[in-house]
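> Build the 3D model from these lines:
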Amino acid sequence: MQLRQLEYFLAVWEAGSFSGAAARLYVTQPSLSQQIAALEKELGAVLLERGRQGVTLTPAGRVFLPRAQDALRAVQDAQDSVREVVEGRKGDVHVLTVRSVASGILPPSAARWHSTYPETVLRLHDYSHRRDLEEAMRGGQGDIAVGPRPDTWEGPVCSLGYEEMVVTGSAEYPSDTSADPAELAAADWVLYEPEQGMSEVVNRLADHFGFTPRTVARTGQVSAALLFAVEGIGVTVTPENALPLRWSRHARRIGSGCFRELVVFSRKLPSQLAERYRDMLTALELPLTAERDLPEEALRL
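Next comes the predicted model:
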């Protein structure tokens with residue numbers, strides 16, 4: 001059974017004649033008749049009867065009519081739904097990211113997105129480590145990803161800026177205070193479990209300054225590491241944008257500054273909706289530092 005046959009059947013019923021339906025559909029009457037005959041043969045029943053008053057439905061035709069209408073309506077609805085997605089009026093955008101970015105960077109964009117595209121759904125999937133994020137993106141689990149710049153990536157990559165890493169402890173300090181490498185080397189540390197992406201940040205930081213952190217606690221959560229640090233167990237490193245305002249005086253810059261670039265990336269050219277979300281991110285004023293504003297001696301992770 002073909003959709004064209006259903007369309008022809010409905011057209012004959014609505015027009016009241018084969019000739020009228022053929023004229024409406026811009027097909028020849030013999031071609032129309034052949035398609036109706038093929039449909040009736042497949043169903044094993046006559047659907048339409050010709051008479052002096054035009055075409056009428058047989059009992060089988062009366063049963064078949066609403067089913068044919070439903071089928072064509074469902075096809076039209078499916079076409080309309082796809083068109084709405086293609087045109088960016090409806091649909092889901094699956095955004096993959098890492099946890100610190102999900103809480104510290106993306107909330108303003110989610111609010112803006114909802115107000116601009118209320119008929120769409122922004123689906124956020126967060127990962128503990130950037131390697132898991134990249135693996136999920138390569139596996140096609142997301143439309144677009146936001147996170148640290150991949151070491152190697154085949155596909156579009158757009159920089160958003162740099163997030164600063166700060167060291168946090170129990171003491172309070174004046175603003176614009178820095179922690180020097182010697183102090184970090186002598187401190188007790190609240191570190192992260194290997195599956196947490198911040199463990200990679202701390203390892204790179206320690207390697208750069210040439211010390212091995214003295215571990216007193218480990219956790220898989222940035223929020224838990226901050227709580228431990230503020231309570232005096234040891235110091236920890238977190239993105240500045242993940243630091244609650246009430247603890248801002250407990251945080252200090254690391255040396256001349258320690259920064260990690262964040263980017264938007266995808267496997268191929270993103271869908272129209274995903275592209276709009278990417279453009280929105282690049283247009284928003286995010287809590288990130290532009291490359292031109294990085295301190296000269298800043299460490300880039």
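> Check the gap between the most centrally placed residue in the chain and Ile105 for me.
Nearest to the geometric centre of the chain sits Val95, at 1.8 Å (Cα atoms, centre = their mean). Using Cβ to Cβ, to the nearest Å, Val95 is found at 11 Å from Ile105. Bear in mind the C-beta positions are built from the backbone N, C-alpha and C, glycine included.
> Overlap of the contact sets of those two?
Residues touching both Val95 and Ile105 by Cβ atoms under 8 Å, 6 or more residues apart in numbering: Val146.
> what residue ranges in the protein score low on pLDDT?
80-90 (pLDDT under 70).
> Show me the helices in the chain, by range?
For the chain, helices defined by DSSP state H occupy the ranges 3-15, 18-25, 29-43, 59-86, 99-104, 107-116, 130-138, 181-186, 198-209, 222-230, 272-283.
> right, and these - which one's nearest Ser159?
Closest to Ser159 of the helices of the chain, according to Cβ to Cβ: helix 272-283, at 8.6 Å.
> And for that closest one, what's in contact with it?
Counting by Cβ under 8 Å, 6+ apart, residues outside helix 272-283 touching it are 85-88, 91-93, 95, 109, 112-113, 116-117, 120, 122, 143-144, 146, 158, 160, 264, 266, 269-270.
> redo that, cut-off 7 Å
Applying Cβ atoms under 7 Å, 6 or more residues apart in numbering, the contact partners of helix 272-283 are 86, 88, 91, 93, 95, 109, 112-113, 120, 143-144, 146, 158, 160, 264, 266, 270.
> what does stretch 112-121 give?
Arg89, Lys90, Gly91, Asp92, Val93, Leu122, Leu273, Tyr277, Met280, Leu284.
> Just the buried ones from those residues?
Buried members of the contacts of stretch 112-121, scored by 16 or more other Cβ atoms under 10 Å, are Lys90, Gly91, Val93, Leu122, Leu273, Tyr277.
> Distance to Arg131 added to those residues, as TSV?
Formatted as TSV, the buried ones among the contacts of stretch 112-121 follow (distance: Cβ to Cβ, whole Å):
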residue	distance to Arg131
Lys90	33
Gly91	29
Val93	23
Leu122	24
Leu273	27
Tyr277	23
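> Sounds good, over and out.
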